[in-house]
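Trainee: Got a sequence here, can you model it:
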Amino acid sequence: MDQRVDDQNRAATEERRQRCDGEVKRGRPGQKLKTLRNARNITVREVEQGSRRIAEAKGDKRFCISNGWLAQLENGASEPNIQKFFSLGVIYRVSVQDLLRLYGVDIDEREKYESIADPYLTRLIVHKADGEPNSNEHAETSLIPHCDSHVSGNSNHTPHILHGQLGLNDFTMHPMIRPGALLRIDTRQNKLVTGTWRNEYERPIYFIELRDAYACGWCELQGHELLIIPHPSSQRSVRRFMHPREAEIVGRVVGYDTGCVDLDSELTRSARRK
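Mentor: You can find the predicted model right below:
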């Protein structure tokens, strides 16, 4: 009988927790915090006492949370600072990252927004949960004969495929590949291939990792130097890097997607910045 009662109590507790978590997801940030506190059976007074002990241990009163301030927070009249977020995380036994998400801040999205904050740099890009990179409508071009672009672009089925994006200032392969294009990169083909090619589409294009940046272009190896060769019409210069200390080949660009939106005005501004 006691075991049955315990099981029922645990089930009821879990049901309340799930219900509270569901309410947390639906409410406003302050209401979410209040629901979270109630779900943990923590009073406002206990929050103040616990935060005061944390503040004393750290020797910093900014970690202390008063009754009045917590009431304002839960009513949406104020927002927490970093120190108080820390105290709330300790007292509620949740990560600071989870508390930040209540306010629409997800640190796991940092890389996702790097290309938005600075679209002028060439970079590897982050994939969504379904394995497809974020992109608008696009026109797909394959650089490998008989290559299925949908298969090669699906990183769930082909983990060796990465995606990169040309920065709006990267005219190295223009007009063959326009700045802003989404690149599909085969990391299995990370060794430089030499030979002769009948046209520019047959010549391998590589995605290169530099010390603090990325680049895309044709490549040649001269001794210990890796040369990044631009398209002749781009009017860009050959760049030289010590290989592999300053530059390593991530993989071969096997296809690219060019956005259908009109980028001419953006490209013009990019060219002027050069």
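
Trainee: give me the number of residues near the closest residue to Arg45 other than its chain neighbours?
Mentor: Closest residue in space to Arg45, ignoring its immediate chain neighbours: Asn67 at 6.9 Å, by Cβ to Cβ, 6 or more residues apart in numbering. All C-beta spots, glycine's among them, are computed from the backbone N, C-alpha and C. Asn67 sits with 12 neighbouring residues when counted by other Cβ atoms under 10 Å.

Trainee: what's the distance between Asn67 and Thr43?
Mentor: Look at Asn67 and Thr43: by Cβ to Cβ, to the nearest Å, they are 10 Å apart.

Trainee: cool, Cys219 as well?
Mentor: 65 Å.

Trainee: Show me the helices in the stretch 101-250 of the chain, by range?
Mentor: Remark: helices assigned in the stretch 101-250 of the chain by DSSP state H, counting those that start in this stretch are 110-117, 149-152.

Trainee: the strands in this protein, which residues?
Mentor: Listed in chain order, the strands found in the chain under DSSP state E are 123-124, 138-142, 161-165, 182-186, 206-210, 214-222, 225-229, 239-242, 247-259.

Trainee: Any idea which of those strands gets closest to Met173?
Mentor: Taking Cβ to Cβ, strand 214-222 is the member of the strands of the chain nearest to Met173, at 5.9 Å.

Trainee: just the CA coordinates of that closest one, formatted as PDB?
Mentor: The C-alpha trace of strand 214-222 is given here as PDB (Å, rounded to 0.1, in the frame of the first residue of the first chain):
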ATOM      1  CA  TYR A 214      37.700  31.200 -44.400                       C
ATOM      2  CA  ALA A 215      38.300  31.500 -48.100                       C
ATOM      3  CA  CYS A 216      37.000  29.900 -51.300                       C
ATOM      4  CA  GLY A 217      38.800  29.500 -54.700                       C
ATOM      5  CA  TRP A 218      41.000  27.500 -57.000                       C
ATOM      6  CA  CYS A 219      44.200  26.400 -55.300                       C
ATOM      7  CA  GLU A 220      47.800  25.600 -56.200                       C
ATOM      8  CA  LEU A 221      50.600  24.300 -54.100                       C
ATOM      9  CA  GLN A 222      54.000  25.800 -54.600                       C
END
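
Trainee: in its sheet, what does that strand sit against?
Mentor: Sheet pairing of strand 214-222 (DSSP bridges) gives strand 206-210 (antiparallel), strand 225-229 (antiparallel).

Trainee: Would you mark the buried spots in it?
Mentor: Tyr214, Ala215, Cys216, Gly217, Trp218, Cys219 (16 or more other Cβ atoms under 10 Å).

Trainee: Who's the closest spatial neighbour of the second one, skipping the chain neighbours?
Mentor: Nearest-residue entry for Ala215: Ile208, 4.6 Å, with adjacent residues in sequence omitted and distances by Cβ to Cβ, 6+ apart.

Trainee: my guess is Ala55 contacts Lys84, does it?
Mentor: No. Contact criterion Cβ atoms under 8 Å: Ala55 and Lys84 do not qualify, at 9.7 Å.

Trainee: Neighbour count: those two, which is higher?
Mentor: Between Ala55 and Lys84, Lys84 has the larger neighbour count (other Cβ under 10 Å), namely 22 against 18.

Trainee: mind listing what that one touches?
Mentor: Going by Cβ atoms under 8 Å, 6 or more residues apart in numbering, Lys84 touches Ser51, Arg62, Phe63, Ile65, Trp69.

Trainee: and the second one, what pLDDT?
Mentor: You'll see Arg62 listed with a pLDDT of 95.

Trainee: Would you quantify the distance from it to Val90?
Mentor: Applying Cβ to Cβ to Arg62 and Val90 gives a distance of 14 Å.

Trainee: before we move on, the earlier item: lowest average confidence across the helices of the stretch 101-250 of the chain, which one?
Mentor: The lowest average pLDDT among the helices of the stretch 101-250 of the chain, as it happens, falls on helix 149-152, at a mean of 43.

Trainee: What residue spans form the domains of this protein?
Mentor: Segmentation of the chain into domains, based on automatic domain parsing, reads 2-105, 111-273.

Trainee: Are any of the contacts of Lys84 buried, and if so which?
Mentor: Ser51, Phe63, Ile65, Trp69.

Trainee: if I look at the first one, how far off is Tyr113?
Mentor: It stands for Ser51. In this view, Ser51 and Tyr113 are 31 Å apart by Cβ to Cβ.
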